[in-house]
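K.L.:
have a look at this prediction, sequence included:
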Amino acid sequence: GIQVEQSPPDLILQEGANSTLRCNFSDSVNNLQWFHQNPWGQLINLFYIPSGTKQNGRLSATTVATERYSLLYISSSQTTDSGVYFCAVNTGNQFYFGTGTSLTVIP
Amino acid sequence: DGGITQSPKYLFRKEGQNVTLSCEQNLNHDAMYWYRQDPGQGLRLIYYSQIVNDFQKGDIAEGYSVSREKKESFPLTVTSAQKNPTAFYLCASSILTLTEAFFGQGTRLTVV
């Protein structure tokens, strides 16, 4: 199956700082999603972004499908942004997940 | 409220017992999925279904079984053949298999 790599694996930020999370994938994909897994384990949809750029408040995402990567930007981070961020790519009939970036925002 | 409901939230099972995890959706989605997550890991696909009465194995289907008798329901049975069943199980659905997926809140299964 397709390989999905996320970096960095762990990230610690001071509240108010900005960050960029990266997702690389090894083959062409039909779509790509970014999720935030909260401390209770639920996956919250952030972006459905097979290509282009989208913004939602302090978060934005860019996918460059031809170069097989996607970036998630978090600006002015807050403690509630803590958790694990996953990207998932869809090729054929299933989604493939990266191993996530664990983000800790400290006050 | 529209969404995906998984039950129970926590489940304890004795070794050698089968257990069934429930997943129900009222989003009128055709495709449904079961994923397994181990600590510090990403999600791995167990089974998926694109339509009623049809389902396909994912990457780690051994020791699991599913059924899809109704569009809104996709229960997962963890059988005694699953050697390491303790994990967090997540159910998802999407309109079609190539479209945006939405997840339930998960079931944490512990074998005691």
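P.N.:
In hand now; what should we look at?
K.L.:
so which residues on chain B come close to chain A?
P.N.:
On the criterion C-beta under 8 Å from any C-beta of the partner chain, chain A has as its neighbours in chain B the residues B:33, B:35, B:37, B:40-45, B:48, B:50, B:56, B:58-59, B:88, B:90, B:92, B:97-106, B:108. All C-beta atoms are positioned from the backbone trio N, CA, C, and that covers glycine.
K.L.:
and the spatially most central residue of chain B, what does it touch?
P.N.:
When chain B is reduced to its mean C-alpha position, the closest residue under C-alpha atoms, centre = their mean turns out to be residue B:34, at 3.1 Å. Under the criterion of C-beta atoms under 8 Å, 6 or more residues apart in numbering or on different chains, the contact partners of residue B:34 comprise B:21, B:23, B:45-48, B:58, B:64, B:66, B:74, B:76, B:89-92.
K.L.:
in helices only, show me the residues you listed.
P.N.:
Secondary structure from DSSP state H places none of these in helices.
K.L.:
how about the residue nearest to the centre of chain B: which residues does it bridge to?
P.N.:
Per DSSP bridges, residues listed as beta-bridge partners of residue B:34: residue B:47, residue B:91.
K.L.:
residue B:100 versus that one, what's the distance?
P.N.:
Spatial separation of residue B:34 from residue B:100 under the definition C-beta to C-beta, to the nearest Å is 18 Å.
K.L.:
from the residues of chain B next to chain A, list just the buried residues.
P.N.:
When the residues of chain B next to chain A are checked for burial by 16 or more other C-beta atoms under 10 Å in any protein chain shown, the buried set is B:33, B:35, B:37, B:42-45, B:48, B:50, B:58, B:88, B:90, B:92, B:97-98, B:101-106, B:108.
K.L.:
show me where chain A has its strands.
P.N.:
Across chain A, reading from the start of the chain, the strands by DSSP state E fall at A:4-7, A:10-14, A:19-25, A:31-37, A:43-48, A:52-56, A:59-64, A:69-74, A:83-91, A:94-97, A:101-106.
K.L.:
which ones are touching residue A:26?
P.N.:
The contact partners of residue A:26, by C-beta under 8 Å, 6+ apart, come to A:2, A:3, A:4, A:68.
K.L.:
distance of it from chain B?
P.N.:
14 Å (C-beta to the nearest C-beta, to the nearest Å).
K.L.:
for residue A:80, give me the pLDDT.
P.N.:
With respect to pLDDT, residue A:80 has a value of 94.
K.L.:
find the nearest non-adjacent residue to it, please.
P.N.:
In space, and not counting its chain neighbours, residue A:80 is closest to residue A:105: 7.9 Å by C-beta to C-beta, 6 or more residues apart in numbering or on different chains.
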